[in-house]
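[1] Pasting the sequence and the predicted model now:
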Amino acid sequence: MTSSSSPSRKALSKIACNRLQKELAEWQLNPPAGFKHKVSDNLQRWVIEVTGAAGTLYAGETYQLQVDFPEHYPMEAPQICEL
């Protein structure tokens, strides 16, 4: 679990790794409506596509979010930014 674009980020703890593997498996079986996980080999960084909900100002729009999980997830919150 390393990232070449963020050398200061520490590898996931065993607890964080197990938790993220479980959450990813659940996501793949039953993804939330309007959300897609872009598959990669980096468990510590997820790229999510979000589709704007119908009937809202964001309908028809698609946004990409990058979610970076810290070493001690879930005790520390992930960082999220729009790509």
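    Great, that's in hand.
[2] same for the helix or strand where Glu26 lies, what does it pack against?
    Taking DSSP states H and E as the criterion, Glu26 maps to helix 14-29. If you count contacts as 3 or more Cβ pairs under 8 Å, 6 or more residues apart in numbering; DSSP states H and E, helix 14-29 packs onto strand 35-38. Glycine gets a C-beta too; all of them are placed from N, C-alpha and C.
[3] list the buried ones in the strand it packs on?
    By 16 or more other Cβ atoms under 10 Å, strand 35-38 has no buried positions at all.
[4] What strands flank the helix or strand following that strand, and is each parallel or antiparallel?
    Using DSSP H and E, the helix or strand that follows strand 35-38 towards the C-terminus is strand 45-51. Strand 45-51 has the following sheet partners, assigned by DSSP bridges: strand 35-38 (antiparallel), strand 62-68 (antiparallel).
[5] Would you convert these into CSV that also reports distance to Ala16 and mean pLDDT?
    Putting the strands paired with strand 45-51 into CSV (distance: least, Cβ to Cβ, whole Å; pLDDT from 0 to 100) gives the following:
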stretch, distance to Ala16, mean pLDDT
strand 35-38, 17, 91
strand 62-68, 12, 95
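[6] In JSON lines, list those along with distance to Arg45.
    JSON lines is the format used below for those (distance: least, Cβ to Cβ, whole Å):
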{"stretch": "strand 35-38", "distance to Arg45": "10"}
{"stretch": "strand 62-68", "distance to Arg45": "5"}
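[7] Any buried residues in stretch 32-52, and which?
    For stretch 32-52, the neighbour count (16+ other Cβ under 10 Å) marks 44-46, 48, 50 as buried.
[8] same thing with stretch 71-83?
    Buried residues in stretch 71-83 (16+ other Cβ under 10 Å): 71, 73.
[9] tell me the mean pLDDT over it?
    Stretch 71-83 comes out with an average pLDDT of 95.
[10] got the end-to-end distance for it?
    22 Å (Cα to Cα, to the nearest Å).
[11] what sits up against that stretch?
    9-13, 15-16, 19-20, 47, 63-70 (Cβ atoms under 8 Å, 6 or more residues apart in numbering).
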